[in-house]
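Asks: Pasted the sequence and its predicted model underneath.
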Amino acid sequence: MKSLMSLWSQLAEESASICCTSASRDINTVAVRVEHEGLSFLTITLPSLGKAVQKWLDQGEVTIHPSFRKDRRGRLPLFLGGFFSRMFASSSGLLVDNPCTDSIRALRQLTLMFGKIELECSSARKLKSVIGYVECEQEVRLFDRELNKRDLAEFVSVSNMLFGGIFTKVDRDIYHGVYSPKHGPGSTADGLKGNQKFNQSVWTERLEYSGFAAGENLLPSWRFYHQLAGVDFLEPGAEVPVKVTLVPKTLKNPRVIAMEPTCMQYMQQAVLERLLVYLDNDDFLSRVIGFDDQTPNQEFARIGSADNRTATLDLSDASDRVSNQLVRAMTQRWPHLSGAVDATRSRRAELPNGEVIRLAKFASMGSALCFPFEAMVFTTLIFLGIQRSLNTSLTRSVMNNDWSGRVRVFGDDLIVPKDHVHSVVNVLEHFGARVGVDKSFWTGKFRESCGREYFNGHDVSITRVRQAFPTQRQDAKEVISLVSFRNQLYMSGYWKTVSWLDGILGKLLTHFPTIGPKSSLLGRVSFLAENAKAFSAARLHPRLQSPVVKGFVVEAKPPKDFLDGTGALLKCLLKLDSDGSLRHSIACRPSSIPMDGLAAVPGALRERSPRVLGKHLERFGRPKSLSIKLGWRSPL
């Protein structure tokens, strides 16, 4: 905590210097309050002020904050008053015509910097999060009951217009067996990890009867049909529920996720793969919905902060508030897709206390289909809100011409037209979503989306501390995080604070070279990395004849998990078959795969992809730990 306090003081002094004010009293105030309130002042109280500042910027006026007193002579908070006075008028508390953007960024940096540091929260806060999960489930049921037939009919109409063509293609692929399931590296509800997932012996009758036959998906080919005798087919009432798990997020709240059973996650990936293929290839939807690139959302937020034509909305508990009733309504016209989505959805959840509840939500974080269906539901609701605001039915051509540059969805970060924002918010909340008031902006010149914040076109984004300070070099995760924080601060222009951090990191890392932004070394990112002085300790690579320097490199090896036999053959074929065609052509010709497992993979397949027989059969899964080791790497 002492290190975090020292960091805050360094940043406060440098920010005050940039903004031509003083932070001496503010530093004393923080020191006193940290002494009395502990770490929660930095991680909870200060961030609450930061969120209030954002709303004040949006609303154009300072209002009351319960944790900080106001100046007796005016309406501004006494704490950090030097920065506030460069943004708001002291007498009225109103936003001035040209507020200092450096002060806006400084205020946000000093108040929000520790808001998302990963710390274990108290048992009481964990219990509160679990209770919130259950209450959210009850609210989903309540909204399901309150939706009338007209609401659902409008929802389905807009959804069909947006996604009907894509659902038709996915429905066809599932019917013809053109899909490719896969396992991820994460944990599952039934405890299977790493390569052992490829030897799974549990399947569900719902999967089997929906067209996802165990013989087609658990076996390399029908030549191994006899192994199905060892597979346990579970009836719906005996299925393994998702396992609700709490993982560290902030000192205020943990993150609530739900681990899926292995067989469910495996086939969810098959449906996901087909959905993403067609969503990415759709000219309109690829510009409206994002899955792997946040840049468009961030650019929309920047433009919206300048022209005031778009609003940024953030949804609370977004995943847990998407009703299964809405997803079923979306897909009801496509029986094979609907059956596949329903069969791969877990119907029950096991809470940390062992209680099992039935789910009305579509899925929690942890399901591979949670993110895409969440995005599709929210996209449908946005256009339904626009349609109701215009009081006219939208067509696909009108959407393409008028709205593709003003609507963008990335998970629960939404960009919507400001002219229709009230209608969109009403529709979202009518269908069960909850718009986060403190993180949604449309009144003023402040916008936020996907981790970037802008005021009147200026980037006022901040750099956050994610881990506690390391005390020794063996604290690899904390060292890596601090180096990353240092480099982000450097790119943001806080060079005095960076110099102070270099002193701390220099004691931990005996080799801390100057590097470019793309180097794999743990080092000092610098605009002068290509300067000859930066390569004073460099030598030439013996083969590439390019400069390399000595420094620490992050090492994260997947755990040892040897896989052979049928499971290894299945994994190799799944790796070869990213689009479904190759694997199913092999499966139709069982004679092409002899019985002796991995060694019998056809030579043609080896030639097509030599890496398929690589180390993934010896190591697989998420690394259990990180380490840093000395090595020679390129500094650029």
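Replies: On my side now, so go ahead.

Asks: host element of the residue lying closest to L428 once chain neighbours are set aside?
Replies: Closest residue to L428 apart from its sequence neighbours, by C-beta to C-beta, 6 or more residues apart in numbering: L381 at 5.3 Å. C-beta: built from backbone N, CA, C; applies to glycine. Under the criterion of DSSP states H and E, L381 resides in helix 370-390.

Asks: which parts of that helix are buried?
Replies: 370-389 (16 or more other C-beta atoms under 10 Å).

Asks: Next SSE downstream of it?
Replies: From helix 370-390, the next helix or strand downstream (DSSP H and E) is helix 396-402.

Asks: how distant is that following helix from the center of its chain?
Replies: With C-alpha atoms, centre = their mean, to the nearest Å as the basis, helix 396-402 stands 29 Å off its chain's centre.

Asks: Please apply the same query to stretch 452-459.
Replies: 21 Å.

Asks: same deal with stretch 417-432?
Replies: So, by C-alpha atoms, centre = their mean, the centroid of stretch 417-432 is 23 Å from its chain's centroid.

Asks: do stretch 475-489 as well
Replies: 20 Å.

Asks: State the mean pLDDT of it.
Replies: Stretch 475-489 carries an average pLDDT of 93.

Asks: again with stretch 420-434
Replies: On average, stretch 420-434 scores 95.

Asks: ok, now stretch 508-523?
Replies: Stretch 508-523 comes out at a mean pLDDT of 89.

Asks: Mind listing what's buried along that stretch?
Replies: Neighbour-count burial for stretch 508-523 [16+ other C-beta under 10 Å]: L508, L509, F512, P513, T514, I515, G516, S519, L521, L522, G523.

Asks: again with stretch 289-304
Replies: Buried-residue list, stretch 289-304, by 16+ other C-beta under 10 Å: 289-291, 294, 296-304.

Asks: any idea which of these is closest to D475?
Replies: Distance to D475, by C-beta to C-beta, is smallest for Q294 among these, at 29.3 Å.

Asks: quick one, longest strand in this protein?
Replies: strand 547-555 (DSSP state E).

Asks: Can you tell me which helices and strands that strand packs against?
Replies: On a contact count with 3 or more C-beta pairs under 8 Å, 6 or more residues apart in numbering; DSSP states H and E, strand 547-555 meets strand 521-522, strand 539-540, strand 627-633.

Asks: just checking, E555 touches S625?
Replies: No. With contacts counted by C-beta atoms under 8 Å, E555 stays clear of S625, the gap being 9.6 Å.

Asks: Comparing these two, which residue is more hemmed in?
Replies: E555 (13 against 10; other C-beta atoms under 10 Å).

Asks: And the residue lying closest to that one once chain neighbours are set aside, how close does it get to V247?
Replies: Closest residue in space to E555, ignoring its immediate chain neighbours: S627 at 4.9 Å, by C-beta to C-beta, 6+ apart. Taking C-beta to C-beta, to the nearest Å as the measure, S627 and V247 are separated by 22 Å.

Asks: Neighbour count for these two, which is higher?
Replies: When neighbours are counted by other C-beta under 10 Å, S627 and V247 differ, and S627 comes out ahead with 15 against 11.

Asks: Name the single longest helix found in the protein.
Replies: helix 149-176 (DSSP state H).

Asks: Can you tell me the closest non-neighbouring residue to G38?
Replies: Nearest one to G38, counting by C-beta to C-beta, 6+ apart, is M1 at 7.4 Å.

Asks: can you pull the contacts of that neighbour?
Replies: V34, G38, L39, L42 (C-beta atoms under 8 Å, 6 or more residues apart in numbering).

Asks: how about CSV for the buried residues of stretch 289-304, with pLDDT, secondary structure and distance to T204 added?
Replies: Shown next, in CSV, are the buried residues of stretch 289-304 (pLDDT from 0 to 100; DSSP: H, G, I helix; E, B strand; the rest coil; distance: C-beta to C-beta, whole Å):
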residue, pLDDT, secondary structure, distance to T204
I289, 95, strand, 30
G290, 92, coil, 32
F291, 90, coil, 27
Q294, 92, coil, 35
P296, 93, helix, 38
N297, 94, helix, 37
Q298, 95, helix, 41
E299, 95, helix, 43
F300, 95, helix, 41
A301, 95, helix, 42
R302, 96, helix, 46
I303, 95, helix, 47
G304, 95, helix, 45
